[in-house]
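*Asks:* model this:
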Amino acid sequence: MGKRVLPAMVLALTLAAAAAFAATHSIPKEELDLQKIFWGKASSFEKPGEIDYDSILVATPEHTKIKKEKIKSGTGKYWILASKASSRVKKAISGVGKDTDYDLIALSGYLGALESPIAADDITDLVIAAMVGEKDDGKDDGEKQQSKNEK
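*Replies:* Below is the predicted model of the structure:
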C-alpha cells in the first residue's frame with residue numbers, strides 16, 4: 001500500500017503546486033481603469049506584463065523626428081507624427097501580446113497599486129525590441145507618395 005500512496009501523493013502535490021503557480025487573476029470592476037490596460041482581458045489572466053508607455057513612445061522614429069527637426073507642439077506636422085507614434089506603440093504592444101504568453105499588458109505600476117496587488121513582469125524592453133524590429137524605411141506617407149510619383 002505504501003508504494004502506491006507515495007506516487008499518488010507526489011502527483012497530487014505537483015498538480016496543486018502547478019495550479020497555484022498558474023493562478024488566474026482578475027481586476028475587480030471597482031478598480032478597473034481601461035485607460036491603463038493595453039492588451040488582454042482584465043476579467044481573467046494568468047501572466048501579466050507591464051510597460052512604461054512613455055519610454056516606448058520616446059523610442060519611436062516619429063518621436064525622434066519631432067525632436068531632431070524641432071517640430072513645434074500643436075502644429076499639424078507634430079500631431080500627425082504624434083498620432084503615428086501612438087499607433088506604432090499600440091501595434092507593438094498588440095504584437096507582443098499575440099506572440100508571447102503575456103495575456104494582460106498594463107501600464108507600469110497599475111497592477112501593483114490595486115487593493116490586492118498583482119505582480120507583473122516589466123516587458124517595456126520587449127515591446128521596444130518588437131517595435132524596433134518592425135520594418136520601417138523612415139519615410140512618412142508624403143515622402144513615400146513622392147517617391148512613387150518620381151518612378
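
*Asks:* can we go C-alpha only for contacts and neighbour counts from here?
*Replies:* Fine.

*Asks:* Now stretch 69-88: buried residues?
*Replies:* By neighbour count on 16 or more other CA atoms under 10 Å, the buried set for stretch 69-88 is 71, 78, 81, 82, 84, 85, 86, 88.

*Asks:* Point out the ones among these that are inside helices.
*Replies:* Judged by DSSP state H, helices contain the following of these: 78, 81, 82, 84, 85, 86, 88.

*Asks:* For the chain, which segments are assigned as strands?
*Replies:* For the chain, strands defined by DSSP state E occupy the ranges 37-40, 48-51, 104-107, 121-122.

*Asks:* Distance-wise, check the residue nearest the centre of the chain relative to residue 31.
*Replies:* Residue closest to the mean C-alpha point of the chain, counted by CA atoms, centre = their mean, is residue 93 at 3.8 Å. Distance, residue 93 to residue 31, by CA to CA, to the nearest Å: 22 Å.

*Asks:* Kindly report the same for residue 110.
*Replies:* In this view, residue 110 and residue 31 are 10 Å apart by CA to CA.

*Asks:* More neighbours: these two, which one.
*Replies:* residue 110 (18 against 12; other CA atoms under 10 Å).

*Asks:* ok, the more buried one - contacts?
*Replies:* Residue 110 makes contacts with residue 36, as judged by CA atoms under 8 Å, 6 or more residues apart in numbering.

*Asks:* So what's the residue count around residue 28?
*Replies:* 13.
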